[in-house]
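Q: Let me see the structure of the following:
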Amino acid sequence: MPVDTLHFYADAKLDSSLEKAYLETEKGISLEQIIQTSDGWQLWSNKLQPTPGKTQWIHFFVENLDPGNSKLFFANTSIDLIRFHVIIDSQIKTKTIGEMVPGYQLSGEQYIGYDTFDLPYGKVAEVFVEIPPVEGYFPFIKWLPKNTAYPRFSVGKTEQMMTSLAHYYSHNINELQIRNLYQGALILMTIICLFFLIRNRGNQLFLFYFLYVLAGLFYSLFQSRGYTYVGQFFQLIPALYKFGGELFFWAGLGAYFGFAAELMNIQTASLKTYRFIRKIMVALFITGLLIFTFLITHNNNAAFDWIKIYTRIPVLIFYVGFLIHLARNYRQNALLKYILIGNGLLIFFACIAWVKDIFDLMYWPGPLDHLFTLPFAMLLEIGVFAFAMAQKQKEDQEKVLKTEKAILETEMLALRSQMNPHFVFNSLNSIRNLVMKDQNEKAIDYLSRFSKLVRTILQQTQKKTINLDEELETLQLYIQSESDRLDTPLDFTIDIEKGLDLSEISFPPMLLQPVAENAIWHGLQTSKQKTKVIHVAVKRVDQNHLRIIISDNGIGRKANEKLKSEQNNSRISMGSEITAKRLQLFNEQGGARIEMSYNDLPNGQGTQVFFDYFLTTVFQ
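A: Numbering: from 1, shown residues only. As a prediction, the model looks like this:
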């Protein structure tokens, strides 16, 4: 069908009554075929609805009537891919621009959707505009109708292009400066977070904080303009450049919830809530991956717009609900204020950026036009969270110092408990009686064992851990010293499973002695057994589980409850409390765990005390 000619005049005015011919074809039809086609063309109208999956062709002519102009420009700012075929004097020139064109095929202003053709004065150019549907990476996978591209492009003289570009760059220079500012800050924060993560391996708080900052950085980088080096780098993989930000949006959201749960110690307060948050975190990661996969396989712009608008609503509702839950249930947590302030800034800036994106409100007065962006909001939030991390570090250090102080105090209590005045007085009294009875050799042997025991206890209580074989040697020395003071000697034996190397097992010093002391003075001393037995067995339950059993044939705990006095009750209670506290502090240090339990033998035949030793490595 006949079409109009667009005329360029010297006064820069364009003929606005241009009529263009419009044709739809299957994908893959060549320009030569289109030139030969005369059927199917119709007059272009804005009311026409393009058919999904079809290639659209627009045909018109351009004549240069301006002697001072020799170039024709085309602009594409909203179509994935568009080809301009310009025919001058039977010579065909084709240029392709669009956000789905790989970066290695672009140069100069093509990165932002502009291109030019030479059109000498007085010449007429026949123009065919080809707008093919851009499929995803796997076009055979289709869950929705095919993509639809709407013909939106501009044609004009180079003066118009230069005016448009001058306006574009002048508007975006401020944005570029602000974007460089917060991208640089995010890069620095990412490096710092990586350093702290390496220093604190295994700490999930630092892991999730690093992932959150990293996601914010990449989300910001994927928002870079096409005229920047970053934008041109990502343009090498157009689908990643177009949809990558969506992937890191969801990944960052998941990392945030993990970080908030660790920062607020939700696991300690409510294990059920903590597990629920972890499930939400995993669901967000999977959602982001599924959305990204869908977008790159379909490249459906309508679906992408729908996702950017309507998936944010439930996220925002859950986000606000999560903050309300924290505010109501964790008021006593000193870190709550940082969470609320950081998220308040994020929600405020992100919601305005969201509204701007939905309604395409791109021009705001002054710097406000460039500040209301999600990456800038994340930077503000990350800055607030940095203060929270510092506060958290301070609290953790204070907790460590408090724990170390408690360990020291417990060790001193244990030392005073083991070397109590009662034991020392009785030992010295026994030595005095032996000397008075002229049993000097026996007194010398007893004094030798007693001095060695005192020296051993003093040395071991200066250490946090000793070898298990050293602990058993000290226990044997203690029982031998106590046996000398009793009317009936103690039958003390140690049974160690063959193949166990006790010198490689770290153990809290003087942990077994209070158990043996209780067995002697509150079980065996009042027992009527002819042979009073204390037996220690060390067995391997499995590869990382060792069991120590201390058995006696005394009267048992129930019978002892009837005989003990208030003084003895106070002493036993203190010894048991000290042992339990030492076990708790030892277990908190990690690496190994010891559990203590009792078993009363039937018919008052004695007591068994179990020490179950669990280690993360394998016992040899």
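
Q: what about residue 431, which helix or strand?
A: helix 421-436 (DSSP states H and E).

Q: Likewise for residue 275?
A: helix 271-298.

Q: what helices or strands is whatever helix or strand comes next after that helix leaning on?
A: The helix or strand immediately downstream of helix 271-298 is helix 301-310, counting by DSSP H and E. Packing contacts for helix 301-310, counted by 3 or more CB pairs under 8 Å, 6 or more residues apart in numbering; DSSP states H and E, involve helix 238-263, helix 271-298. Backbone N, C-alpha and C define where each C-beta goes, glycine included.

Q: the bottom helix or strand of the chain by mean pLDDT?
A: helix 368-371 (a mean of 56; mean pLDDT, DSSP states H and E).

Q: Could you export stretch 185-203 as PDB, CA atoms only?
A: C-alpha atoms of stretch 185-203 as PDB (Å, rounded to 0.1, in the frame of the first residue of the first chain):
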ATOM      1  CA  ALA A 185      30.000   2.300  49.700                       C
ATOM      2  CA  LEU A 186      28.400  -1.100  49.000                       C
ATOM      3  CA  ILE A 187      31.600  -2.500  47.500                       C
ATOM      4  CA  LEU A 188      33.500  -1.300  50.600                       C
ATOM      5  CA  MET A 189      30.900  -2.800  52.900                       C
ATOM      6  CA  THR A 190      31.000  -6.100  51.100                       C
ATOM      7  CA  ILE A 191      34.800  -6.300  51.400                       C
ATOM      8  CA  ILE A 192      34.600  -5.500  55.100                       C
ATOM      9  CA  CYS A 193      31.900  -8.000  55.700                       C
ATOM     10  CA  LEU A 194      33.900 -10.700  53.800                       C
ATOM     11  CA  PHE A 195      36.900  -9.900  56.100                       C
ATOM     12  CA  PHE A 196      34.700 -10.400  59.200                       C
ATOM     13  CA  LEU A 197      33.200 -13.500  57.800                       C
ATOM     14  CA  ILE A 198      36.600 -15.100  57.300                       C
ATOM     15  CA  ARG A 199      37.600 -14.100  60.800                       C
ATOM     16  CA  ASN A 200      34.400 -15.600  62.200                       C
ATOM     17  CA  ARG A 201      34.000 -18.800  60.200                       C
ATOM     18  CA  GLY A 202      30.900 -20.700  61.100                       C
ATOM     19  CA  ASN A 203      29.100 -17.700  62.600                       C
END
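
Q: Any buried residues in that stretch, and which?
A: 185, 186, 189, 190, 193, 197 (16 or more other CB atoms under 10 Å).

Q: Could you do stretch 204-223 as well?
A: 205-223.

Q: do stretch 276-287 as well
A: Buried residues in stretch 276-287 (16+ other CB under 10 Å): 277, 278, 280, 281, 284, 285, 287.

Q: Check whether residue 130 really touches residue 31, as I assumed.
A: Yes. Assessed by CB atoms under 8 Å, residue 130 is found in contact with residue 31 at 7.2 Å.

Q: Pull up the overlap in contacts between those two.
A: Common neighbours of residue 130 and residue 31, using CB atoms under 8 Å, 6 or more residues apart in numbering, are residue 85.

Q: So for these two, which residue has more residues nearby?
A: Between residue 130 and residue 31, counted using other CB atoms under 10 Å, residue 130 has the larger neighbour count: 20 against 15.

Q: so what strands line up beside the host helix or strand of that one?
A: In this assignment (DSSP H and E), residue 130 forms part of strand 124-131. Paired strands of strand 124-131, with direction, are strand 55-64 (antiparallel), strand 82-88 (antiparallel) (DSSP bridges).

Q: Mind putting these into TSV with distance to residue 120?
A: Converted to TSV, the strands paired with strand 124-131 look like this (distance: least, CB to CB, whole Å):
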stretch	distance to residue 120
strand 55-64	7
strand 82-88	8
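
Q: need these in TSV with distance to residue 98, mean pLDDT and mean neighbour count, can you?
A: Below are the strands paired with strand 124-131 laid out as TSV (distance: least, CB to CB, whole Å; pLDDT from 0 to 100; neighbours: other CB atoms under 10 Å):
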stretch	distance to residue 98	mean pLDDT	mean neighbour count
strand 55-64	13	89	20
strand 82-88	5	92	21
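
Q: was I right about residue 160 contacting residue 75?
A: No. With contact defined as CB under 8 Å, residue 160 and residue 75 do not form a contacting pair (9.0 Å).

Q: higher neighbour count, these two?
A: Here residue 160 and residue 75 are compared on neighbour count by other CB under 10 Å; more neighbours surround residue 75, at 21 against 17.

Q: Distance of that one relative to residue 168?
A: Here the criterion is CB to CB, to the nearest Å. By it, residue 75 lies 10 Å from residue 168.

Q: same question, residue 40
A: Applying CB to CB to residue 40 and residue 168 gives a distance of 37 Å.

Q: who has more neighbours, these two?
A: residue 168 (17 against 12).
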